[in-house]
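1. this one's structure only:
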């Protein structure tokens, strides 16, 4: 039995070829495999590239793949028929199973089949997992309606606070680094009662996609002695913890798997979430996962009838890590 | 001496023809005269239409206009040369003077030449006025960077809270009216662990311009017994009051002129702002103004060397109101 597992993300797509020994035989990388922004054809092109590279690394012809498991955000974006036809067109005749990105992340962190997932990247979502399936989702509502504590949310707060600070309303050490990230000269000469740098900030922010504000998130973590930025980080951690609290059920005792760029990149945010959970009386085992490739492979193996226990999980995890370390093609 | 004064707004443009008696002889209305979204040509078309209608009502040929005063938001959007050429093209050879929308609003509420202006429409801005000129501007930074307490800000909070409520995280009476405003069926059947109505809310919000969220602002004022919506209104009032506090100077003792759709349409918001100012020790005379046409006329007369005292202001205000009541053309 040969499984192709894919973690199709908004920046990168990862694929693995796993055999019934539960060992990974090859991995492949490609670009954005999420169809939300670029459309299904472009996304499928990256998915096909990642699978093709993994199959080449494993020396497995595409026609010998027995099953495909595809983990991605936004369950309904790919039309089911489109994916089946596209797979057939590249020579894969195996059945395709779709999984959510959150359950794949969870299963990348643990062999257990129940617990919690929390992602804080550009967006933020919490899930409760039971029987390797999402039982409840909290937040993940996007930048306008939710994503409390996400990279966008933090970067947006940074931008608002820096605009206020340039107008002299508050004081924060974030002004200079935020302007540097945006490539704006720190020119404080007044024009129409407002510093030039603030006019430039307005121009820069409104000429880009709002989501570009996520690039300012890192500025909030530069100076933990700055009250304003620490307040933003604390509020982000509280918001993320609240999503976990709201998705928690007393009879689900598994671990909390955390992932996403700002969560894995900023230890202060993770520590703040843990502290906020503990002060709400919630002590969870916290595990970090960097992506959903191990989880997509675990889910595909379970769907094929294999038992993935702690030992099998560790074999899979370590062989995928070893193959990824060899995979230099992007 | 014949003055044409124009208040060019984002929804409507108003013009007046004022004679050296300081009486208004005619007014005219037209559509959006703000060039930010539709470009300068379309905006000037509406401005020309409003002036033409006012001149016709006053039985004054365009060639006999001695001065034009144009009040609008975003001082630098019209290129100066463009406006002069466009005025010449419609037969107006008089010099043109530009004014900001905030100082025009202030001068629509009082004959005094110093004090404060606060607008809360889709956006929110506070100004300090000295010598009939903006001395300092606070906020007015747009929906991503500021506009704390504005119609957008309130509507955005309503949308976020309603999304949370649909996921069962909080309870508020705003859910049904907010869904009604957006034309969404209150379908609570679950799909992927989330009510259909929340999926529809996500779809509706992200398929429109973010600024369309301002349409939800009125929902926050429907039920003052609802803690969640009252919290949003209170926080909006505090944000607006803070902008006034930050622009206040002890030696400027004039009144606070308030305007904008959500401010003039929702008495609870105005009362909240006054209460928040008073608890910060700031007692200001508060005057409401619905638009900037009286102010544009006052500013044009002052620039032409006329004194506009309390009596002259009252003549101008009442004759403009009388002419506007006769002006049915939109």
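-> Here it is on my side, so go on. Computed from a predicted structure; not experimentally measured. Numbers count the residues shown, from 1 in each chain, chains lettered A, B, ... in the order given.

2. Now residue A:233: phi and psi?
-> Backbone torsions of residue A:233, given as degrees, to the nearest 10, read phi -60, psi -40.

3. need the contact list for it.
-> A:154, A:220-221, A:266, A:268-269, A:272 (C-beta atoms under 8 Å, 6 or more residues apart in numbering or on different chains). Bear in mind the C-beta positions are built from the backbone N, C-alpha and C, glycine included.

4. Contact residues of the stretch 201-330 of chain A facing chain B?
-> Proximity of the stretch 201-330 of chain A to chain B is confined to A:201-202, A:205-206, A:210, A:213, A:246 under the rule C-beta under 8 Å from any C-beta of the partner chain.

5. nope, the stretch 51-200 of chain A is what I meant
-> A:75, A:134-139, A:141-142, A:144-146, A:156, A:159-160, A:163-164, A:167, A:169, A:192-194, A:198.

6. Check the residues of the stretch 201-330 of chain A next to chain B and tell me the two furthest apart.
-> A:202 and A:246 (35.5 Å; C-beta to C-beta).

7. Can you show me the strands along chain A?
-> A:2-8, A:13-19, A:24-30, A:67-72, A:96-100, A:115-120, A:124-130, A:133-139, A:190-191, A:194-195, A:256-259, A:286-288 (DSSP state E).

8. Can you flag the weakest of the ones you listed by average pLDDT?
-> Ranked by mean pLDDT, the strands of chain A bottom out at strand A:190-191, with a mean of 84.

9. Could you report the neighbour count for residue A:210?
-> Using other C-beta atoms under 10 Å in any protein chain shown, residue A:210 has 17 other residues around it.

10. ok, now residue A:192?
-> For residue A:192, using other C-beta under 10 Å, the count is 12.

11. list the contacts for residue A:235?
-> Counting by C-beta under 8 Å, 6+ apart, residue A:235 has contacts A:149, A:157.

12. quick one: the most centrally placed residue in chain A from residue A:13, how far?
-> For chain A, the residue nearest the mean C-alpha position is residue A:260 (3.7 Å; C-alpha atoms, centre = their mean). Applying C-beta to C-beta, to the nearest Å, the value for residue A:260 to residue A:13 is 17 Å.

13. Next: residue A:71.
-> 10 Å.

14. Can you check which residues contact both of those two?
-> A:6-7.

15. can you give me the helices for the stretch 151-300 of chain A?
-> Counting by DSSP state H, counting those that start in this stretch, residue ranges of the helices within the stretch 151-300 of chain A are A:151-166, A:175-182, A:196-206, A:227-247, A:261-265, A:267-279, A:293-303.

16. The closest residue to residue A:185 other than its chain neighbours - how many residues pack around it?
-> For residue A:185, ignoring the flanking residues on the chain, the nearest one in space by C-beta to C-beta, 6 or more residues apart in numbering or on different chains is residue A:197 at 6.7 Å. For residue A:197, the neighbour count with other C-beta under 10 Å is 21.

17. where does residue A:197 land on pLDDT?
-> pLDDT, residue A:197: 95.

18. which residues does it contact?
-> A:166, A:179, A:184-188.

19. Next: residue A:136.
-> A:127-128, A:247, A:249, B:193 are the contacts of residue A:136 under C-beta under 8 Å, 6+ apart.

20. cool, residue A:227 as well?
-> residue A:172.

21. Distance check, the spatially closest residue to residue A:198 that is not a sequence neighbour against residue A:144.
-> In this structure, residue A:198 finds its nearest non-sequential neighbour in residue A:166, 4.0 Å apart by C-beta to C-beta, 6+ apart. Distance of residue A:166 to residue A:144, given as C-beta to C-beta: 25 Å.

22. When those two are compared, which one has more neighbours?
-> When neighbours are counted by other C-beta under 10 Å, residue A:166 comes out ahead of the other of residue A:166 and residue A:144, with 25 against 18.

23. What lies in contact with stretch A:172-180?
-> By C-beta under 8 Å, 6+ apart, the list of residues contacting stretch A:172-180 reads A:158-159, A:161-162, A:165-166, A:185-186, A:197, A:201, A:216, A:219-220, A:222-223, A:225-229.

24. Recalculate using a threshold of 7 Å.
-> Here stretch A:172-180 makes contact (C-beta atoms under 7 Å, 6 or more residues apart in numbering or on different chains) with A:158, A:161-162, A:165-166, A:186, A:197, A:216, A:219-220, A:222-223, A:226, A:228-229.

25. Also stretch A:259-269?
-> Under C-beta under 7 Å, 6+ apart, the answer for stretch A:259-269 is A:105, A:119-121, A:150-151, A:154, A:217, A:221, A:224, A:233, A:236-237, A:270, A:288-290.

26. Could you write me a ChimeraX select line covering just the buried ones among those residues?
-> To isolate the buried ones among these in ChimeraX, judged by 16 or more other C-beta atoms under 10 Å in any protein chain shown, type:
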select /A:105,119,120,121,150,151,154,217,221,233,236,237,270,289
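
27. Now stretch A:104-114: buried residues?
-> Buried, per 16+ other C-beta under 10 Å, within stretch A:104-114: A:104-114.

28. cool, stretch A:32-41 as well?
-> Buried, per 16+ other C-beta under 10 Å, within stretch A:32-41: A:32-35, A:40.

29. Switch the residues you listed over to TSV, and while doing so, append distance to chain B and pLDDT to every line.
-> Shown next, in TSV, are those (distance: C-beta to the nearest C-beta, whole Å; pLDDT from 0 to 100):
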residue	distance to chain B	pLDDT
A:32	19	87
A:33	20	87
A:34	15	80
A:35	15	74
A:40	18	84
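
30. can those go into TSV with extra columns for distance to residue B:276?
-> Formatted as TSV, those follow (distance: C-beta to C-beta, whole Å):
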residue	distance to residue B:276
A:32	46
A:33	50
A:34	44
A:35	47
A:40	51
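
31. which regions of chain A lie under the pLDDT threshold?
-> Along chain A, segments meeting pLDDT under 70 span A:36-37, A:74-77, A:80, A:328-330.

32. picking that back up, among the contacts of residue A:197, which one lies nearest to chain B?
-> Ranked by distance to chain B (C-beta to the nearest C-beta), these are led by residue A:166 at 9.6 Å.

33. contacting residues for that closest one?
-> A:175, A:195, A:197-198, A:201 are the contacts of residue A:166 under C-beta under 7 Å, 6+ apart.

34. can you rerun that using 10 Å?
-> By C-beta atoms under 10 Å, 6 or more residues apart in numbering or on different chains, the contact list for residue A:166 reads A:175, A:178-179, A:184, A:186, A:188, A:194-202, B:141.

35. can you check residue A:104 too?
-> Taking C-beta under 10 Å, 6+ apart, one finds A:5-9, A:69-73, A:117, A:132, A:259, A:289, A:291-300 in contact with residue A:104.

36. Could you rerun that using 6 Å?
-> Shown in contact with residue A:104 (C-beta atoms under 6 Å, 6 or more residues apart in numbering or on different chains): A:7, A:71, A:292, A:295-296.

37. Now render those residues as CSV, adding neighbour count.
-> Converted to CSV, the contacts of residue A:104 look like this (neighbours: other C-beta atoms under 10 Å in any protein chain shown):
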residue, neighbour count
A:7, 28
A:71, 30
A:292, 33
A:295, 31
A:296, 34
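
38. Which two of the residues you listed have the greatest separation?
-> Farthest pair in the contacts of residue A:104, by C-beta to C-beta: A:7 and A:295, 7.5 Å.

39. List the single closest residue to residue A:162 in space, sequence neighbours excluded.
-> residue A:178 (4.5 Å).

40. how much space between the one you found and residue A:167?
-> 14 Å.

41. Residue A:311 too?
-> Taken as C-beta to C-beta, the span from residue A:311 to residue A:167 is 60 Å.

42. any idea how far the nearest residue to residue A:82 once chain neighbours are set aside lies from residue A:65?
-> Nearest non-adjacent residue to residue A:82, counting by C-beta to C-beta, 6+ apart: residue A:40, 5.5 Å away. Separation of residue A:40 from residue A:65 (C-beta to C-beta): 20 Å.
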